[in-house]
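Novice: any chance you could fold what I've pasted below:
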Amino acid sequence: MNDVVLAIAGPDSGYRQVFQKNIARIGLARGVIFTCPLADEAKLQPCVDADVYCLPPPYEIFGTTVLEAMARGTPVIVTDQCGLADIVAKQGHVVPRDSNQLNIELLEILGRLDDERSRAEK
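Specialist: The predicted structure is shown next:
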């Protein structure tokens, strides 16, 4: 999992500097990309490129990017407070609004993908 890249897309809601500081502190700066808000066709590209799509904001009423990622077969993770949780639960991963649970689910999915790639390379 050394080649994992985290892309954070969207507007700077005042947390970017905090994220950047913490990411640098734990030595992950090379593995994180921040983008500006994406619109139109550009917002589809992360869904196409992603191995896992995670939408952690708890009160996302209707995240169309979640549906776009699911339509492409990308594993999706949302919190149980997301407006699409019932839909995602049928085909994706819904976790409680808890950062530890989110981390566990994300690492599980990445581990499975890593195992699948290793088997495919043999």
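
Novice: care to break this protein down by domain?
Specialist: Domain ranges of the chain: 1-37, 46-121, per automatic domain parsing.

Novice: can you list those in a markdown table and add mean neighbour count?
Specialist: Using the backbone N, CA and C atoms, a C-beta is placed for each residue, glycine as well. As requested, the domains of the chain are arranged in a markdown table below (neighbours: other Cβ atoms under 10 Å):
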| stretch | mean neighbour count |
| --- | --- |
| domain 1-37 | 11 |
| domain 46-121 | 15 |
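
Novice: ranking the ones you listed by mean pLDDT, which is last?
Specialist: Among the domains of the chain, domain 1-37 carries the lowest mean pLDDT, a mean of 78.

Novice: wouldn't L102 be in contact with C82 here?
Specialist: No: counting by Cβ atoms under 8 Å, L102 stays clear of C82, with 11.7 Å between them.

Novice: distance of the residue of the chain positioned farthest from its centre relative to D114?
Specialist: The C-alpha centroid of the chain is most remote from K122, which lies 28.0 Å away (Cα atoms, centre = their mean). Note on K122: its distance to D114, by Cβ to Cβ, to the nearest Å, is 13 Å.

Novice: same question for Q45.
Specialist: Q45 is 23 Å from D114, by Cβ to Cβ.

Novice: would you map the strands across the protein?
Specialist: 6-8, 32-34, 53-55, 76-79, 93-95 (DSSP state E).

Novice: among these, which comes closest to M70?
Specialist: Nearest of the strands of the chain to M70, taken as Cβ to Cβ: strand 76-79 at 5.3 Å.

Novice: neighbouring strands of the closest one in the sheet, and parallel or not?
Specialist: Counting by DSSP bridges, the strands paired with strand 76-79 are strand 53-55 (parallel), strand 93-95 (parallel).

Novice: partner residues bridging the residue positioned nearest the centre of the chain?
Specialist: Residue closest to the average C-alpha location in the chain (Cα atoms, centre = their mean): C54, at 2.6 Å. Beta-bridge partners recorded for C54 (DSSP bridges): I77.

Novice: show me the contacts for it.
Specialist: Contacts for C54 (Cβ atoms under 8 Å, 6 or more residues apart in numbering) come out as V76, I77, V78, L102, L106.
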